[in-house]
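Colleague: The following comprises the amino acid sequence and a computationally predicted model.
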Number of protein chains: 2
Amino acid sequence: MSLTVVGSIAFDAVETQTAKRDRLLGGAAVHFALASSFLAETRVIGPVGDDFGEAEYAVLRERGVITDDIEHVPGGKTFFWAGRYERDVNVRHTLQTDLNVFEHFRPKLSEAAMASDTLFLANIQPELQRAVREQCEASHFSALDSMNLWIDIAHEALLRTISMVDCVILNDGEVRQLTDEPNLVRAARKVLAMGPRVVVAKQGEYGAAMFTQDGVFGLPAYPTEVVVDPTGAGDTFAGGFMGYVAAHAGEELTDELLRTAMAYGTALASFNVEAFGTERMQTLTGEEITARVNELQRISAFAPAPLELRA
Amino acid sequence: MSLTVVGSIAFDAVETQTAKRDRLLGGAAVHFALASSFLAETRVIGPVGDDFGEAEYAVLRERGVITDDIEHVPGGKTFFWAGRYERDVNVRHTLQTDLNVFEHFRPKLSEAAMASDTLFLANIQPELQRAVREQCEASHFSALDSMNLWIDIAHEALLRTISMVDCVILNDGEVRQLTDEPNLVRAARKVLAMGPRVVVAKQGEYGAAMFTQDGVFGLPAYPTEVVVDPTGAGDTFAGGFMGYVAAHAGEELTDELLRTAMAYGTALASFNVEAFGTERMQTLTGEEITARVNELQRISAFAPAPLELRA
């Protein structure tokens, strides 16, 4: 098993109704890798500036994440994002985005990265995702994330990249936007027709749905009572999902296996929102994850007994 | 088993992107009763005007619904609602609401209605719901629906009525609004603290969640590709849910039983949206319902295998 993620490494400033934090470790690749690290050895590719120091590397290394491919841009500053969440944490406002070293990021892959059997292309420009995908010829399973911006301004490039991956992991609104189809089931089938064999639609507090040729799987979110900081929940979900897939590299990729991958993604995302930035992932244990996956199974299980209906 | 529903009986005019229908049989009590009729003998209490004729009664009677308690108001007109759905059918606009005979509706209960063991108070003024609840002393299980209007203008009355029922079935946004609590899990716990032992939060295309003292259950919606007319989906859900409970009146009301009730509600609602008004319910068979409940079980099931995590 070897898992590589390409994406942003960031500092985030986050305001909620009860607290404010100025400089949290963040970015899609970081949230992804901390989650996937529980399931598979993970290599991160992304750019950082001079402000990214030993303390930040240590958070990744302590989880066993391989940081050799993190590209330090001398004289540069690390990607910075600032946002504010309303009392209803499902509503967020971006206050500031400084791309910094991320603006001119061109992923350079080491031999080890190119040899990965599992690949995740976090949300970056679709042409760059494609360039990475083409270099990872050994990949058995590749997936991508994207965003409304690329669906708007780089639509054809995104479609081309999608045709080259095995799996798409998007918010459900993005699946609809990508296909100009308001019905999620039809929208997901349109994405399957573009090439991927798996479409995962993240639905935030409502959970996630997965579409394959074999059918549909729906999983509710874990019922979290205290959401401190939702930043990175989607990337953490992707990390849990892809980590589980990477842990089973070489096995047949059945729907049953992918459903459990969805549960690991859901469980890990539910932990991530319990504290600011990466803090919860730094204290998380394997036992906690296993317990929550099992709890998700109990939360979503039912067994209908035979019943004579009044037809 | 005997199930009584009190609520609106209506004619609906519905516009979608592809069709327009002027006079569809509708109303909360009608949608509820057609669904519940597959599971338990159902009695409808609600007002109609002179325009409500044999054809409308026949739709209910053909499903075995008891129409003795439908109150004909001489010289009156039946409740009328007109609405338009956008291409994304999750977005709807009310074009017209004529309360007509519903405006001065005061439910009168027959002896048979008062003796029902299961009671559903569809969305009407909370004081009227309470008056009905007080008269149904024999009821073993009662539930209510409500709406944003009553949460706003009759808040205390609604809280009082909620304290008298076993179950609340609301949209998730209404659960949040009722409790002024944006987190659904905390909001549902607040409603449980008001008295009911079951809170069901309907989440539209995302499914539904159920909260009891024993825990949380989440069920995705059935993945419907063609939604013709979503009108009445929530009432149909409630009918399936309450019908299943009524079919098991006298048995212990376990979470397992309630979870299957959620599945019947979900399955019936998914059929209801496949055609305009009550049309799909008129052709529906018990075999179709059973098959869809079983399919929902397959759609939501997963079985995590033990896995050693990299802690």
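Modeller: Looks like it arrived, so ask away.

Colleague: Distance-wise, check whatever residue of the stretch 1-150 of chain A ends up closest to chain B relative to B:Val91.
Modeller: In the stretch 1-150 of chain A, the residue that lies nearest chain B is A:Asp88 (3.6 Å; Cβ to the nearest Cβ). Every residue, glycine included, has its C-beta placed from N, CA and C. For A:Asp88, the distance to B:Val91 (Cβ to Cβ, to the nearest Å) stands at 20 Å.

Colleague: Kindly report the same for A:Pro74.
Modeller: As for A:Pro74, its distance to B:Val91 is 51 Å (criterion: Cβ to Cβ).

Colleague: How about A:Asp12?
Modeller: In this structure, A:Asp12 lies at 33 Å from B:Val91, with Cβ to Cβ as the measure.

Colleague: Out of those two, name the residue with the larger neighbour count.
Modeller: Set side by side, A:Asp12 and B:Val91 give different neighbour counts by other Cβ atoms under 10 Å in any protein chain shown, the larger being at A:Asp12 (24 against 10).

Colleague: ok, what's across the strand from the more buried one?
Modeller: Here A:Asp12 shows beta-bridge partners A:Leu24, A:Trp81, assigned using DSSP bridges.

Colleague: can you count the residues close to the nearest residue to A:Asp255 once chain neighbours are set aside?
Modeller: Nearest-residue entry for A:Asp255: A:Asp214, 4.8 Å, with adjacent residues in sequence omitted and distances by Cβ to Cβ, 6 or more residues apart in numbering or on different chains. A:Asp214 has 11 neighbours, counted by other Cβ under 10 Å.

Colleague: Model confidence for A:Asp214, exactly?
Modeller: For A:Asp214, the pLDDT comes out at 93.

Colleague: Now the phi/psi pair for it, please.
Modeller: Dihedral angles of A:Asp214 (phi, psi; degrees, to the nearest 10) stand at phi -80, psi -10.

Colleague: you'd agree it is up against A:Glu256?
Modeller: No. At 9.8 Å, A:Asp214 and A:Glu256 do not qualify as touching, with contact defined as Cβ atoms under 8 Å.

Colleague: Mutual contacts of the two, please.
Modeller: Applying Cβ atoms under 8 Å, 6 or more residues apart in numbering or on different chains, one finds that no residue jointly contacts A:Asp214 and A:Glu256.

Colleague: same question for the helix ranked longest in chain A, mean pLDDT?
Modeller: Longest helix in chain A by number of residues (criterion: DSSP state H): helix A:255-272. The predicted model gives helix A:255-272 an average pLDDT of 98.

Colleague: now stretch A:173-191
Modeller: For stretch A:173-191, the mean per-residue pLDDT is 98.

Colleague: Mind listing what's buried along that stretch?
Modeller: Judged by neighbour count (16 or more other Cβ atoms under 10 Å in any protein chain shown), stretch A:173-191 contains these buried residues: A:174-179, A:181-185, A:187-191.

Colleague: Ok, stretch A:292-303 next?
Modeller: Of the residues in stretch A:292-303, those buried (16+ other Cβ under 10 Å) are A:292-293, A:295-297, A:299-300, A:302.

Colleague: can you check stretch A:90-98 too?
Modeller: Result for stretch A:90-98 [16+ other Cβ under 10 Å]: buried residues A:Arg92.

Colleague: Need the CA coordinates for that stretch. PDB is fine.
Modeller: Presented in PDB, the C-alpha positions along stretch A:90-98 are these (Å, rounded to 0.1, in the frame of the first residue of the first chain):
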ATOM      1  CA  ASN A  90     -23.100  25.100   7.900                       C
ATOM      2  CA  VAL A  91     -22.800  28.700   6.800                       C
ATOM      3  CA  ARG A  92     -19.300  30.000   6.300                       C
ATOM      4  CA  HIS A  93     -17.800  33.200   4.800                       C
ATOM      5  CA  THR A  94     -14.400  33.400   3.300                       C
ATOM      6  CA  LEU A  95     -12.600  36.600   4.600                       C
ATOM      7  CA  GLN A  96      -9.300  36.300   2.900                       C
ATOM      8  CA  THR A  97      -7.400  34.000   0.500                       C
ATOM      9  CA  ASP A  98      -3.700  34.600  -0.200                       C
END
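
Colleague: Tell me which residues are up against it.
Modeller: A:13, A:15, A:77, A:79-86, A:204-205, A:230, B:182.

Colleague: Contact partners for A:Ala311?
Modeller: Taking Cβ under 8 Å, 6+ apart, we find A:Ala311 in contact with B:38, B:285-287.

Colleague: Kindly apply the preceding question to A:Ser8 instead.
Modeller: A:Ser8 is in contact with A:27-30, A:46, A:79, A:102, A:122-124, counting by Cβ under 8 Å, 6+ apart.

Colleague: Check A:Ala157 too.
Modeller: Neighbouring residues of A:Ala157 by Cβ under 8 Å, 6+ apart: A:125-127, A:130, A:150.

Colleague: Name only those of these that count as buried.
Modeller: Buried by 16+ other Cβ under 10 Å: A:125-126, A:130, A:150, out of the contacts of A:Ala157.

Colleague: Now the two most distant members of these.
Modeller: Pairwise distances across those (Cβ to Cβ) peak at 11.7 Å, for the pair A:Arg130 and A:Trp150.

Colleague: Taking the contacts of A:Ser8, tell me the two that lie furthest apart.
Modeller: Maximum pairwise distance in the contacts of A:Ser8, criterion Cβ to Cβ, is 13.9 Å, between A:Val30 and A:Ile124.

Colleague: So the two - more neighbours on which side?
Modeller: Just comparing A:Val30 and A:Ile124: by other Cβ under 10 Å the higher neighbour count belongs to A:Val30, 32 against 23.

Colleague: what kind of secondary structure is that one in?
Modeller: Three-state call for A:Val30 (DSSP: H, G, I helix; E, B strand; the rest coil): helix.

Colleague: what's the closest non-adjacent residue to it?
Modeller: By the measure of Cβ to Cβ, 6+ apart, the closest residue to A:Val30 outside its immediate chain neighbours is A:Ile9, 5.5 Å from it.

Colleague: and if you look at A:Thr4?
Modeller: Spatial nearest neighbour of A:Thr4, chain neighbours left out: A:Ser116 (4.0 Å); criterion: Cβ to Cβ, 6+ apart.

Colleague: Just give the number of residues close to that neighbour.
Modeller: Under the criterion other Cβ under 10 Å, the count of neighbours that A:Ser116 has is 28.

Colleague: so it makes contact with A:Val44?
Modeller: No. Here A:Ser116 does not reach A:Val44: they are 11.5 Å apart, not a contact under Cβ under 8 Å.

Colleague: what do those two both touch?
Modeller: With contacts taken as Cβ under 8 Å, 6+ apart, the residues that reach both A:Ser116 and A:Val44 are A:Thr4.

Colleague: Helices of the stretch 51-200 of chain A, start to end?
Modeller: Remark: helices assigned in the stretch 51-200 of chain A by DSSP state H, counting those that start in this stretch are A:54-62, A:111-114, A:126-135, A:148-153, A:155-162, A:172-179, A:184-192.

Colleague: possible to save these as TSV with distance to B:Gly265?
Modeller: What follows is these, written out as TSV (distance: least, Cβ to Cβ, whole Å):
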stretch	distance to B:Gly265
helix A:54-62	45
helix A:111-114	49
helix A:126-135	41
helix A:148-153	34
helix A:155-162	36
helix A:172-179	22
helix A:184-192	20
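
Colleague: So A:Gln17 belongs to a strand, correct?
Modeller: No. Looking at A:Gln17 with three-state DSSP, it is coil, so not inside a strand.

Colleague: ok, back up a step: compare the helices of the stretch 51-200 of chain A and report which one is nearest to A:Thr278.
Modeller: helix A:54-62 (6.0 Å).

Colleague: Is stretch A:291-298 positioned near chain B?
Modeller: Yes. Stretch A:291-298 is in contact with chain B by Cβ under 8 Å from any Cβ of the partner chain, via A:293-294, A:297-298.
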